[in-house]
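**Q** Need coordinates for the following:
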Amino acid sequence: MLIPHGTLIAVADGTRLDLFRNDGEETSLKLSALPTPDLDAHSKESGTRHHRSSANPDHHLQQEDAFCAAVVSWLNHQTIAGKIDHLVVIAAPRALGEMRRHYHVTLKNKLVGELAKELTGHPAAAIEHELKLTHTD
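**A** Sure thing, here's the model as predicted:
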């Protein structure tokens, strides 16, 4: 996938969010780490619809789902406010599935690509490498 200059790359799982920006060009990625936003304001309404069931059996999974919803709530707010022009979401497969449920249409329109892979906590160079691999696939 071609990732335009200035694209926000959100790397998430059920407990952590890492943000990067592409300071390079579409064909030459150069990711820079960004500060992690405070998701507390976005987590109040997130994940409240989940109840214990066979599809979501324990409190730990509910917390992960709520975190994913809070991440997307923040991303939705940023895209609607015009603060994000292009977005790539990289998330653990289960987290990505939960996140997709909360995408606003504005976020979907700014989405350059997604990668279902666990990369939270990895350095920018490792994420660049994985994104380059998806470009050649």
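**Q** need the helices for this protein, in chain order.
**A** Using DSSP state H, the helices of the chain run over 40-43, 59-80, 93-100, 105-110, 124-136.
**Q** Leu29: which of those helices is closest?
**A** Closest approach to Leu29 among the helices of the chain is made by helix 124-136 (4.6 Å; C-beta to C-beta). Backbone N, C-alpha and C define where each C-beta goes, glycine included.
**Q** In the chain, where is pLDDT below threshold?
**A** Scanning the chain for pLDDT under 70 picks out the ranges 41-57, 135-137.
**Q** picking that back up, ok, which of the helices of the chain comes nearest Ser28?
**A** When the helices of the chain are compared for distance to Ser28 using C-beta to C-beta, the nearest one is helix 124-136, at 9.7 Å.
**Q** counting contacts, what elements does that closest one pack onto?
**A** Applying 3 or more C-beta pairs under 8 Å, 6 or more residues apart in numbering; DSSP states H and E, we find helix 124-136 packed against strand 8-12, strand 31-34, strand 87-91, strand 111-116.
**Q** a markdown table please, covering the helices of the chain and showing mean neighbour count and distance to Asp13.
**A** Rendered in a markdown table, the data for those read as follows (neighbours: other C-beta atoms under 10 Å; distance: least, C-beta to C-beta, whole Å):
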| stretch | mean neighbour count | distance to Asp13 |
| --- | --- | --- |
| helix 40-43 | 14 | 15 |
| helix 59-80 | 20 | 8 |
| helix 93-100 | 18 | 5 |
| helix 105-110 | 15 | 19 |
| helix 124-136 | 15 | 13 |
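**Q** who wins for proximity to Phe20 among those?
**A** Between Phe20 and these, the shortest gap by C-beta to C-beta is with helix 124-136, which sits at 5.9 Å.
**Q** mind exporting that closest one as CSV, just the C-alpha atoms?
**A** Extracted as CSV, the C-alpha positions of helix 124-136 are listed here (Å, rounded to 0.1, in the frame of the first residue of the first chain):
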residue,chain,number,x,y,z
ALA,A,124,9.2,2.4,13.9
ALA,A,125,11.7,0.4,11.8
ALA,A,126,9.9,-2.9,12.3
ILE,A,127,6.5,-1.3,11.5
GLU,A,128,8.0,0.3,8.3
HIS,A,129,9.3,-3.1,7.4
GLU,A,130,5.9,-4.7,7.8
LEU,A,131,4.2,-2.0,5.8
LYS,A,132,6.7,-2.4,3.0
LEU,A,133,6.0,-6.1,2.9
THR,A,134,2.3,-5.4,2.4
HIS,A,135,3.2,-2.9,-0.4
THR,A,136,4.9,-5.7,-2.3
